[in-house]
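>>> Make a model of this:
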Amino acid sequence: MPKGFPNSLTNGGRRFRAGRICSNTCRTASGTGSAKSGTGARSGRRRHEDLKRQAHSAERSANVREETVEIPKVSYTGKIKEVSVGKGDKKITVGGETMYPFYLFEGQMPHPPRIAMEIYDAPPEDWAEAALEPFRDVVNDPVAWAQKCVNAYGAEMLCLQLASTDPNGMNRPSEEAAAIAKKVAEAVDVPLMVWCCANDEKDADTLRRVAELCADKNLVIGPVGEKNYKQIGAGAIAYKHILGASSPIDVNLAKQLNVLLGNLGVPDAQILVDPTTGGLGYGIEYTYSVMERDRMAALTQQDERLQFPIICNLAKEVWKTKEAKLSQADAPNLGDPKKRGILMEAVTAVILLMAGANILVMRHPEAIRLVKNMIGDLLKA
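Model prediction:
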């Protein structure tokens, strides 16, 4: 503004700021052309800022350094003992792991988990239709049932459930049950487990007879508990069978039973741990926790009396639940009853594999197929 020019003018008694007059005059004079040039300037500034940002980003990318990140690993100090079941070419070995289940990037898993298909010594009376369907033609003959599992479904191992020996049920005499076990063992060439009814006295009598009649078969016999381990253990030592040491979902009781068997003279290569389990939705998380603690003590705390392979007799626990037995009409919201039971068994098995199971006792061929595929995928990973 020229020197001496007044800051304000008076016009008819009204005051106007000089700056406002000048501003209005400039806007009027510049018109549309000035507006267009302002828009162009703003666009140019935006383009300039975009180019600056791109250059800055490129500079930062050029300065990025490649670095190697090391994944922390657990320090394992223990190893699961190896146990071999059966005879000849079909003999299987489990155990030998030096890391947590399927942590192949941290250790060795020389032997994959195995699945034993279960068969029964008497026709089942309360099975779900889906579970009964694959075996309907052989349930009256344990030998034919065993052969079908091997020949039709490719079973690599069998578990003969001597359910008929239960004193509260059929109460079959021990000598008859042992004779059935011998017939089954002679009819197939795959490893065999013989599992009784969990009655301490009856199991001791039956399994001693089984051990003697099947002296050359290297069976797994069980369940063996704290009340009958001496009687059954003596037979296992004499006739060289493997014991399924069963405890009621408690890691301390499992260890205690293993100690007792060792003191009795049972070799480590003849002991498997049965922690007992529930089915999906029926306490399996508790079993998982106990098995997890077992593997942690065995592999990272050098607890030598817990370094045994684990067996899980899960099929009967899954298929006895009401969810596995309910029909479509009784429970329409639960979906296809056939698929439901199969998936319940398969999911239970996978959970137990993740907890450290080495041998799974399963029932339905389709559930077994699903779990075998899962094992294969995990071993390839």
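
>>> C-alpha only now, for contacts and for neighbours.
Will do.

>>> If you count neighbours, what's buried in the helix or strand where Pro223 lies?
Per DSSP states H and E, Pro223 falls inside strand 220-224. Neighbour counts over strand 220-224 (16 or more other Cα atoms under 10 Å) mark 220-224 as buried.

>>> cool, stretch 315-326 as well?
Of the residues in stretch 315-326, 315-319, 321, 323-326 count as buried by neighbour count, 16+ other Cα under 10 Å.

>>> how about a markdown table for these, with pLDDT added?
Below are those laid out as a markdown table (pLDDT from 0 to 100):
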| residue | pLDDT |
| --- | --- |
| Ala315 | 97 |
| Lys316 | 96 |
| Glu317 | 96 |
| Val318 | 96 |
| Trp319 | 96 |
| Thr321 | 93 |
| Glu323 | 93 |
| Ala324 | 92 |
| Lys325 | 91 |
| Leu326 | 90 |
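
>>> Which of those sits closest to Ala357?
Set against Ala357, the nearest of the buried residues of stretch 315-326 by Cα to Cα is Ala315 (13.9 Å).

>>> tell me the phi and psi of the closest one?
phi -60, psi -50 (degrees, to the nearest 10).

>>> Now do the helices in the stretch 151-300 of the chain.
174-187, 200-213, 229-239, 251-264, 284-300 (DSSP state H, counting those that start in this stretch).

>>> Of all those, which one comes closest to Phe135?
helix 174-187 (16.1 Å).

>>> Domains of the chain: list them as residue ranges, please.
If you go by automatic domain parsing, the domain ranges for the chain are 15-62, 83-380.

>>> Tabulate the ones you listed in a markdown table, adding columns for distance to Pro72.
Shown next, in a markdown table, are those (distance: least, Cα to Cα, whole Å):
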| stretch | distance to Pro72 |
| --- | --- |
| domain 15-62 | 28 |
| domain 83-380 | 10 |
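
>>> hey, which of those domains is tucked in deepest?
Comparing these by mean neighbour count (mean count of other Cα atoms under 10 Å), domain 83-380 comes out on top with a mean of 20.

>>> The longest strand along the chain packs against which elements?
Criterion DSSP state E: the longest strand present in the chain is strand 114-120. Contacts defined by 3 or more Cα pairs under 8 Å, 6 or more residues apart in numbering; DSSP states H and E place strand 114-120 against helix 142-151, strand 158-161, strand 359-362.

>>> roughly how far out does that strand sit from the chain middle?
18 Å (Cα atoms, centre = their mean, to the nearest Å).

>>> Neighbouring strands - and their directions - for it?
strand 158-161 (parallel), strand 359-362 (parallel) (DSSP bridges).

>>> helix, strand or coil for Asn140?
coil (DSSP: H, G, I helix; E, B strand; the rest coil).

>>> That'll do, ta.
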